[in-house]
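**Student:** using only what follows, build the 3D model:
(2 chains)
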Number of protein chains: 2
Amino acid sequence: MADAATDLVLAVDVGGGTTKGEITDASGAVLCAATVGTPHGETAFDAIERLGGDLLATLPPPERARVVRAAVILPGLVDSERGIAVFSSNLGWRNTKVGARFADGWSLPVLIDHDVTVAGWAEWRYGAGRGLDDVCVLILGTGISGTLSVGGRLVRAPRSTGAAQAGEYGHIPVRHRDGLPCPCGNTGCVETVASGPAITRAYTTRTGHEIAGAEDVFAALDTDPEARAVVDDAVAALAESLLGVLHASCPELIVLGGGLARAGAVLSEGLHARLTALLRVVPVPRVTLGEFGIRAGLIGAAHLARTGSLR
Amino acid sequence: MADAATDLVLAVDVGGGTTKGEITDASGAVLCAATVGTPHGETAFDAIERLGGDLLATLPPPERARVVRAAVILPGLVDSERGIAVFSSNLGWRNTKVGARFADGWSLPVLIDHDVTVAGWAEWRYGAGRGLDDVCVLILGTGISGTLSVGGRLVRAPRSTGAAQAGEYGHIPVRHRDGLPCPCGNTGCVETVASGPAITRAYTTRTGHEIAGAEDVFAALDTDPEARAVVDDAVAALAESLLGVLHASCPELIVLGGGLARAGAVLSEGLHARLTALLRVVPVPRVTLGEFGIRAGLIGAAHLARTGSLR
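**Tutor:** A predicted model of the protein is given here:
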């Protein structure tokens, strides 16, 4: 019989580069974990199924019997109700019924959901936003997206919009006229200024120096005025991108999660200062860093598998 | 005993210029109505109480006994839970316990709420947005504000923010760098481009001609390229102001209500066309005109009095 205290769950986070899986207990302790490269195209689903099967196979039979549910989170567009990977341009798949397939392969109930939605939900419900009802979470990394929670509920795009994702903050244009082109087709989306690759590119454009990534820009903040200017510009763009949602719904807290949030206070305090300068009519929300970093998706997938829904 | 089918309610909409009151039955039929000028300062509350008392006094006693509840809607900041008019710069009041006062004066339970919130709720639940769960309502008039409904619930600012109002769309800056000053202290709020007074002012600035109001600009659209340019600019600003909330929550429908919506399809179709040009990643919502015009607040107040909450 199911017993929440001893149940185990399988969580799988499918990324553009690698797919991570782990089996955890109710305390979050990791019993086993594995990472594989994510193949391009539909063969990704073979690799994911194998990863989950291998993890389950590492458990002794009594432990294996305690695994009650799995959750797999995917990038792109996901139809969580029907367990379908609708579309991913990065990974090259379209309308694949992955939920039923993994459920068959693993002999487990399997939930499918959108990676950033689950990561943002995890930061809200279990991480930096826990206990609050009105929270905006930004997951900052190679792209920018996140979640919005209002009145204690996660905002999801209505069914009538198909498999659209809410929380697409990264494609809010902040430099309509003089910005860079975004792969989405627009100009000046905040992702073209404040994502990891955008910060890296902006630094190289200003200085002529090639660098490994945005972490190099953050590391040079105290000594390199060009690095400071690039980060200030990214923070200003983030602040502008949030003005619409702040006036519409007045969240109490903004959580900055994802890999880029490792940069720390320069982002959270910088964003708060910028919002304080910009907001006159609605309250300035607190700004804090996420607690789960790049593990937010996996941690969220485990919670999702355990609770059965993003509540 | 209360019976929803025969109950009457008193609805009062307190505006900056006039205060309107009516007593209606369950079908919305108006049994009696009155309008008075709204005095500046705390004496406004005397005038409101007298208006309601006079309306109740016009009813024969058996009808008077059927009035089960009143709702009074106010501009500015309103604490609906405690029935307090927190602040109105236009009307010059601060922290007045109006709910208890009217309840005493009228011998009725009285609900207090924010005028635009109630007007937007009415358009969503009973007007152009009825039957949908995810709707953004803009009330366009001397200012711009509105409501957001997500997953079938009205978004309200969290209690922790004090008496802040959600739906302050008008103060989303869309012309940070080259816009006009807004009384809020910022530059380029959408209200400085797309409100009624802003459209009037922009036309006069472009042409040197004084006009009576925005309706003159809309009336001249087909014959006057300057009028067309002013309205196109207002529609572009409206579209830009909505980009944040559209990416965050993907509403199905935008309702344009308030007095300015009388301009009709030039606004609704214009805004839809502009959003279609701007949105790449989230779905383009439908755009429609409100059904209640400037009566949305009064109609909403009557529904609020009848239902007891903004559900």
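
**Student:** what about the closest residue to A:Ala26 other than its chain neighbours, neighbour count?
**Tutor:** Nearest non-adjacent residue to A:Ala26, counting by C-beta to C-beta, 6 or more residues apart in numbering or on different chains: A:Ala5, 5.6 Å away. Heads up, the C-betas are built off the backbone N, CA and C, glycines and all. Neighbours of A:Ala5 under the rule other C-beta atoms under 10 Å in any protein chain shown: 7.

**Student:** does A:Ala5 really touch A:Ser27, like I thought?
**Tutor:** No - using C-beta atoms under 8 Å, A:Ala5 makes no contact with A:Ser27, being 9.3 Å away.

**Student:** assign a three-state SS to A:Gly146, would you?
**Tutor:** strand (DSSP: H, G, I helix; E, B strand; the rest coil).

**Student:** for it, give me its contacts.
**Tutor:** A:Val116, A:Gly120, A:Cys136, A:Val137, A:Leu138, A:Ile139, A:Gly167, A:Tyr169, A:Gly257 (C-beta atoms under 8 Å, 6 or more residues apart in numbering or on different chains).

**Student:** pLDDT wise, what is A:Phe87 at?
**Tutor:** With respect to pLDDT, A:Phe87 has a value of 88.

**Student:** make that A:Ala2, sorry
**Tutor:** 53.

**Student:** rewinding a little: for the residue nearest to A:Ala26, phi and psi?
**Tutor:** phi -70, psi -30 (degrees, to the nearest 10).

**Student:** list the buried residues in stretch A:135-151.
**Tutor:** For stretch A:135-151, a neighbour-count test (16 or more other C-beta atoms under 10 Å in any protein chain shown) marks A:135-150 as buried.

**Student:** max pairwise distance over those residues: which two?
**Tutor:** Greatest spatial distance in the buried residues of stretch A:135-151: A:Thr142 and A:Val150, 27.1 Å, computed using C-beta to C-beta.

**Student:** nearest to A:Ile84, of the buried residues of stretch A:135-151?
**Tutor:** Using C-beta to C-beta, A:Ser145 comes nearest to A:Ile84 of the buried residues of stretch A:135-151, at 19.6 Å.

**Student:** and A:Ala212, which of the three is it?
**Tutor:** Secondary structure, three-state DSSP: A:Ala212 is coil.

**Student:** should've said A:Thr288
**Tutor:** Assigned by three-state DSSP, the conformation of A:Thr288 is strand.

**Student:** wait, isn't it in contact with A:Pro251?
**Tutor:** No - with contact defined as C-beta under 8 Å, A:Thr288 and A:Pro251 do not form a contacting pair (11.9 Å).

**Student:** more neighbours, these two?
**Tutor:** Legend: neighbour count by other C-beta under 10 Å for A:Thr288 and A:Pro251, higher for A:Pro251 (29 against 21).

**Student:** which element is A:Asp113 on?
**Tutor:** Element membership of A:Asp113, judged by DSSP states H and E, is strand A:110-114.

**Student:** list of residues touching that strand?
**Tutor:** With C-beta under 8 Å, 6+ apart as the test, strand A:110-114 has contacts from A:69-80, A:83-85, A:98-99, A:102-103, A:165, A:301, A:304-305, A:308, A:310.

**Student:** report the distance from the helix or strand where A:Val78 lies to the chain centre.
**Tutor:** Assigned by DSSP H and E, A:Val78 belongs to strand A:77-79. When C-alpha coordinates are averaged (C-alpha atoms, centre = their mean, to the nearest Å), strand A:77-79 and its chain have centres 14 Å apart.

**Student:** in chain A, which helix is the longest?
**Tutor:** Longest helix in chain A, counting residues (DSSP state H): helix A:225-249.

**Student:** other SSEs contacting that one?
**Tutor:** Helix A:225-249 sits against strand A:135-140, strand A:144-150, helix A:191-194, helix A:196-207, helix A:214-219, helix A:265-278, helix B:225-249, with contacts defined as 3 or more C-beta pairs under 8 Å, 6 or more residues apart in numbering or on different chains; DSSP states H and E.
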